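Peer 1: attaching a predicted model along with its sequence, questions to come.
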Amino acid sequence: MAKKVAVVAIGGNSLIKDPQHQSVEDQYQAAKETCYHIADMIEAGWDVAIGHGNGPQVGFILRRSEIAAKVEGMHEVPLDVCGADSQGAIGYALQQNLQNEFRRRGIDKHAVTVVTQVLVDRNDKAFQNPTKPIGGFMDEAEAKRRAQELGWNVVEDAGRGWRRVVASPIPQDVVELEAVKTLLEAGMTVITVGGGGIPVIRDEEGNLVGTAAVIDKDYASSLLAREINADLFVISTAVEKVALNYGKPNEQWLDRMTLAEAKQYLAEGIHFAKGSMAPKIQAIIWFLEAGGKQALITNPENIGRALKGETGTWIVP
Ligand code: ADP
Ligand code: MG
């Protein structure tokens with residue numbers, strides 16, 4: 001009998017706990033904790049595909065690239081390649097921690113990272129209005145020069161200087177899907193769609209080409225969950241549960257909501273912050289609308305209890 005498959009999207013807190021702990025070693029230690037909780041899940045019988053964020057890590061790579069270009073005259077790293085670099089490095093930390101944890105527990109399991117491209121539509125509306133800030137601040141002259149020479153979109157960021165902005169298009173297809181499925185069917189734990197995947201488009205001839213954009217990691221993990229017909233979609237983040245009226249005096253923590261309720265609360269626009277909780281709820285709505293049976297939002301340390309029905313916010317059809 002086929003085992004149950006879960007997609008687990010892990011948030012920024014699984015790699016960076018606070019601004020004082022951002023080094024590579026700190027990120028490794030943070031990853032270790034989350035891997036411990038995911039190993040619990042695997043020990044309990046789940047096959048798992050792990051998606052993860054990469055916003056701060058891509059920021060670090062870009063900053064090194066910008067500094068090196070000024071000081072050493074080194075070439076800069078294009079955004080799609082920063083995504084690939086971050087998938088490799090984060091995947092390495094996750095797969096090594098999982099492998100060590102499997103060995104410690106005597107579980108005969110393997111973990112592997114797939115450098116994953118995610119197809120976006122080159123006519124996606126997002127490309128007409130790029131809004132996602134990327135990389136460091138520049139002065140106006142440099143911003144205008146880069147816009148001219150490299151075709152960057154640049155904006156003034158509330159008096160703090162100029163920044164490059166890129167589009168955040170909707171993910172359409174996981175390019176390495178068949179590889180991911182094959183690995184899951186072989187019982188492996190697969191780290192994929194890191195940072196939402198490396199955004200690629202198809203050119204006129206149908207060839208894949210990297211594009212300077214960023215894909216929301218919760219959207220990409222949702223797409224993966226739909227494409228592999230996952231039995232469960234878990235979004236692991238920094239909160240144990242989702243709240244209505246988050247941060248307000250009438251805040252109300254939820255144990256459960258239906259798809260219809262999730263859509264209604266999202267439409268009300270006051271409960272889930274844009275750019276943080278709202279995309280997670282949207283990602284889960286798409287999963288359930290496509291036939292997904294259950295989704296969970298909780299933090300890493302509560303995944304085990306949540307799977308026993310003791311906590312977390314469950315979203316069901
Ligand atoms: P991640 O890196 O996991 O994607 P985000 O910061 O993007 O993390 O989103 C998770 C955060 O969303 C929570 O830590 C919390 O601060 C915030 N949040 C916004 N609205 C809500 C809500 N309604 N209920 C719970 N948390 C919320
Ligand atoms: Mg987020």
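Peer 2: Sure thing, it's come through. Ligands and ions are numbered 1, 2, ... in the order given.
Peer 1: buried ones in the host helix or strand of residue 179?
Peer 2: Residue 179 is part of helix 177-185, with elements assigned from DSSP states H and E. Within helix 177-185, the residues scored as buried using 16 or more other CB atoms under 10 Å are 177, 180, 181, 183, 184. Any C-beta I mention is one placed from the backbone N, CA and C, and that applies to glycine too.
Peer 1: wait, the last one touches residue 228, no?
Peer 2: Translated: residue 184. Yes: counting by CB atoms under 8 Å, residue 184 does reach residue 228; the two are 6.8 Å apart.
Peer 1: shared neighbours of these two, anything?
Peer 2: 5, 49 (CB atoms under 8 Å, 6 or more residues apart in numbering).
Peer 1: count of neighbours near residue 267?
Peer 2: Residue 267 has 8 neighbouring residues, counting by other CB atoms under 10 Å.
Peer 1: repeat for residue 148
Peer 2: Per other CB under 10 Å, the neighbour tally for residue 148 reads 10.
Peer 1: closest to ligand 1 among the buried residues of helix 177-185?
Peer 2: Nearest to ligand 1 among these is residue 180, at 21.2 Å by CB to the nearest ligand atom.
Peer 1: ok but residue 297 is inside a strand, no?
Peer 2: Yes: with DSSP: H, G, I helix; E, B strand; the rest coil as the criterion, residue 297 is part of a strand.
Peer 1: wouldn't it be in contact with residue 287 here?
Peer 2: No: contact criterion CB under 8 Å: residue 297 and residue 287 do not qualify, at 11.9 Å.
Peer 1: I'd like the buried residues of helix 177-185 laid out as a markdown table, including pLDDT.
Peer 2: Shown next, in a markdown table, are those (pLDDT from 0 to 100):
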| residue | pLDDT |
| --- | --- |
| 177 | 98 |
| 180 | 98 |
| 181 | 98 |
| 183 | 98 |
| 184 | 98 |
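Peer 1: what's across from residue 198 in the sheet?
Peer 2: For residue 198, the beta-bridge partners are residue 117 (DSSP bridges).
Peer 1: so, low pLDDT: which residues of this structure?
Peer 2: Scanning the chain for pLDDT under 70 picks out 1-2.
Peer 1: mind checking the longest helix of it?
Peer 2: Assignment by DSSP state H gives helix 79-105 as the longest helix of the chain.
Peer 1: is ligand 1 within reach of that helix?
Peer 2: No: Helix 79-105 stays clear of ligand 1 (CB under 6 Å from any ligand atom), getting no nearer than 12.8 Å.
Peer 1: helices of the stretch 1-150 of the chain, residue ranges please.
Peer 2: In the stretch 1-150 of the chain, the helices defined using DSSP state H, counting those that start in this stretch lie at 24-43, 55-71, 79-105, 140-150.
Peer 1: dump the C-alpha coordinates for the shortest one into PDB.
Peer 2: Same thing as helix 140-150. Presented in PDB, the C-alpha positions along helix 140-150 are these (Å, rounded to 0.1, in the frame of the first residue of the first chain):
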ATOM      1  CA  GLU A 140      19.500  57.600  -7.400                       C
ATOM      2  CA  ALA A 141      22.400  57.800 -10.000                       C
ATOM      3  CA  GLU A 142      23.300  54.200  -9.600                       C
ATOM      4  CA  ALA A 143      19.700  53.100  -9.700                       C
ATOM      5  CA  LYS A 144      19.100  55.000 -12.900                       C
ATOM      6  CA  ARG A 145      22.300  53.700 -14.500                       C
ATOM      7  CA  ARG A 146      21.400  50.100 -13.700                       C
ATOM      8  CA  ALA A 147      17.800  50.600 -14.900                       C
ATOM      9  CA  GLN A 148      19.300  51.900 -18.200                       C
ATOM     10  CA  GLU A 149      22.100  49.300 -18.600                       C
ATOM     11  CA  LEU A 150      20.500  46.200 -17.200                       C
END
